[in-house]
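S.K.: no sequence for this one, just the structure:
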């Protein structure tokens, strides 16, 4: 069970509030080849009507917005919405709804429903029903995922030791590419119904160097860290920076797996 599963809807909406700043600082963007492939399969056009579920601070939105389209971004966290409004100010065809997919008052149809690392927050039954209601016939559902960056093998042991010394065991499970791909595939099970046809499932690996400070910011945006007592979070973050700097150095080399999973609405309703 996920850490936040026993939270109320209002508590879930505020879950990332304490980590919103660190989410922007630490979370990676989606690889350009993945954006390009997803847009091609989903037949993205400058006039496309896009519904983005859980748009957060606009991490994926800003890349897709360069392709054109009219966006309605549904995001329950007001702190994220405030950040996204600033980030996406150069794009005039974006509106925001501070709500969940299950509760938002919207009129479709939309050509594309986009969810970037947010689909697991959607109620599997009610959420998929709403997508069916709002998606145009033959429209597309685009699901994107980013696995948390993992230190390369040569640094992994030292990173784990730094976390142990800081009183916060490393929460990111080390997995192979195939294992991660299976997790991503499993997260997309709700739309695997007769109403949708799978059009693409692909994943790519990206290498990226993180400064210690950014690596800690990344962790401060993750649910295991946000579940810690708020008064303990700055103390642990400071210890992490000190221990990682001592045991690993100023730079952490990482790899991550990102995936796109695309479905198309089948025929008539």
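M.R.: Yes, it's here. Computed from a predicted structure; not experimentally measured.

S.K.: Confidence-wise, which helix or strand of the protein is lowest on average?
M.R.: helix 9-13 (a mean of 67; mean pLDDT, DSSP states H and E).

S.K.: what's the average pLDDT for whichever strand or helix holds residue 133?
M.R.: If you go by DSSP states H and E, residue 133 is part of helix 126-134. Taken as a whole, helix 126-134 has an average pLDDT of 91.

S.K.: what separates it from the chain centre, distance-wise?
M.R.: Chain-centre distance of helix 126-134: 20 Å, with Cα atoms, centre = their mean, to the nearest Å.

S.K.: other SSEs contacting that helix?
M.R.: Counting contacts by 3 or more Cβ pairs under 8 Å, 6 or more residues apart in numbering; DSSP states H and E, helix 126-134 packs against strand 110-116. (Each C-beta comes from the backbone N, C-alpha and C, glycine too.)

S.K.: what are the pairing partners of the strand it packs on, and which direction each?
M.R.: Strand 110-116 sits in its sheet next to strand 49-53 (parallel), strand 135-146 (parallel), going by DSSP bridges.

S.K.: Tell me who's in contact with residue 77.
M.R.: Taking Cβ atoms under 8 Å, 6 or more residues apart in numbering as the contact definition, residue 77 lies against 13, 14, 15, 16, 17, 20, 56, 98.

S.K.: Quick one: low-confidence residue ranges for the chain.
M.R.: Scanning the chain for pLDDT under 70 picks out the ranges 1-13, 267-269.

S.K.: could you redo the last one with a cut-off of 50?
M.R.: Judged by pLDDT under 50, the chain has its weakly predicted residues at 1, 269.

S.K.: all strands for it, in order.
M.R.: Assigned by DSSP state E, the strands in the chain fall at 49-53, 70-74, 94-97, 110-116, 135-146, 150-151, 196-211, 251-265.

S.K.: Mind putting the ones you listed into TSV with distance to residue 182 and mean neighbour count?
M.R.: Below are the strands of the chain laid out as TSV (distance: least, Cβ to Cβ, whole Å; neighbours: other Cβ atoms under 10 Å):
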stretch	distance to residue 182	mean neighbour count
strand 49-53	23	25
strand 70-74	28	22
strand 94-97	33	18
strand 110-116	19	26
strand 135-146	12	22
strand 150-151	16	22
strand 196-211	10	16
strand 251-265	11	21
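
S.K.: Reformat these as TSV; add distance to residue 220.
M.R.: As requested, these are arranged in TSV below (distance: least, Cβ to Cβ, whole Å):
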stretch	distance to residue 220
strand 49-53	24
strand 70-74	24
strand 94-97	25
strand 110-116	20
strand 135-146	16
strand 150-151	17
strand 196-211	13
strand 251-265	15
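
S.K.: about what we covered before: with residue 232 as the reference, name the closest of the strands paired with strand 110-116.
M.R.: Closest to residue 232 of the strands paired with strand 110-116, according to Cβ to Cβ: strand 135-146, at 26.5 Å.

S.K.: mind checking the longest helix of the chain?
M.R.: Secondary structure of the chain read by DSSP state H shows that its longest helix is helix 233-247.

S.K.: could you list every residue that touches the spatially most central residue of the chain?
M.R.: When Cα atoms, centre = their mean is applied to the chain, the residue found nearest the centroid is residue 117 (2.5 Å). Applying Cβ under 8 Å, 6+ apart to residue 117 gives the contacts 54, 56, 59, 60, 144, 145, 146.

S.K.: quick one, what contacts residue 250?
M.R.: 211, 212.

S.K.: ok, now with 6 Å
M.R.: Neighbouring residues of residue 250 by Cβ atoms under 6 Å, 6 or more residues apart in numbering: residue 212.

S.K.: Could you measure from it over to residue 97?
M.R.: Per Cβ to Cβ, to the nearest Å, residue 250 is found 41 Å from residue 97.

S.K.: go on, residue 125?
M.R.: Remark: distance between residue 125 and residue 97 (Cβ to Cβ) = 21 Å.
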